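Student: Any chance you could fold what I've pasted below:
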Amino acid sequence: MKNTLKISLKPNEKIYINGAVIRTDRKVTLELLNDVQFLMESHVLQADQATTPLRQLYFIAQIMLMNPSDATEAQALFRRSLPMMIASYGDERIQSTLKHIDQLVAEGHVFEALKAIRSLYPLEAAALGGERGPDVHQLRAMAGAA
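Tutor: Predicted coordinates for the structure are as follows:
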């Protein structure tokens, strides 16, 4: 028997479940009884916040969860972007985690991939020395040229 997952939401908070946007009008606890793809509003990254390579990768992966109709295009962009990203980091921890993230996405575990990407933010900040990466539009252009 699978474990259930309980999620508590505050009034007017949103959750994205299998591409549907759900907003509550009061405090509520949802009990998810089966495997679903979901993303809490607090973990949603806006396009203008995708200011580093890992945040750009996160943004691409979150599209797979939030907008299943665009998942194929986002997955193709993810596949083009990831090898460039792995090659651009000299930190072995980042490289190995990116390879694991690739495996998670390939197996359909996008939520777990998003958590793994977020865990790399501090390492990325150290690796970039506080520099900002290209914006999400530049990343898309780079991935399209590959």
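
Student: Gln75 and Val21, how far apart?
Tutor: Computed with CB to CB, to the nearest Å, the distance linking Gln75 and Val21 is 21 Å. All C-beta atoms are positioned from the backbone trio N, CA, C, and that covers glycine.

Student: Who has more neighbours out of these two?
Tutor: In this view Gln75 and Val21 are compared by other CB atoms under 10 Å, and Gln75 has more residues nearby, 17 against 12.

Student: So the more buried one sits against Val105, correct?
Tutor: Yes. Contact status for Gln75 versus Val105: in contact at 7.2 Å, counting by CB atoms under 8 Å.

Student: Give me the common contacts of those two.
Tutor: Shared contacts of Gln75 and Val105 (CB atoms under 8 Å, 6 or more residues apart in numbering): Met64.

Student: Other residues contacting the helix or strand where Ile22 lies?
Tutor: Using DSSP states H and E, the element containing Ile22 is strand 20-23. If you take CB under 8 Å, 6+ apart as the criterion, strand 20-23 is touched by Asn12, Glu13, Lys14, Ile15, Tyr16, Met66.

Student: Which strands border it, and is each parallel or antiparallel?
Tutor: Strand pairing for strand 20-23, determined by DSSP bridges: strand 14-17 (antiparallel).

Student: mind listing what's buried in the helix or strand harbouring Ser96?
Tutor: Assessed by DSSP H and E, Ser96 sits inside helix 92-106. Neighbour-count burial for helix 92-106 flags Ile94, Thr97, Leu98, Ile101, Asp102, Leu104, Val105 (criterion: 16 or more other CB atoms under 10 Å).

Student: Quick check: end-to-end length of stretch 102-117?
Tutor: 10 Å (CA to CA, to the nearest Å).

Student: Ok, stretch 38-45 next?
Tutor: Counting by CA to CA, you get 14 Å between the two ends of stretch 38-45.

Student: In that stretch, which residues are buried?
Tutor: By 16+ other CB under 10 Å, the buried positions in stretch 38-45 come out as Phe38, Leu39, His43, Val44, Leu45.
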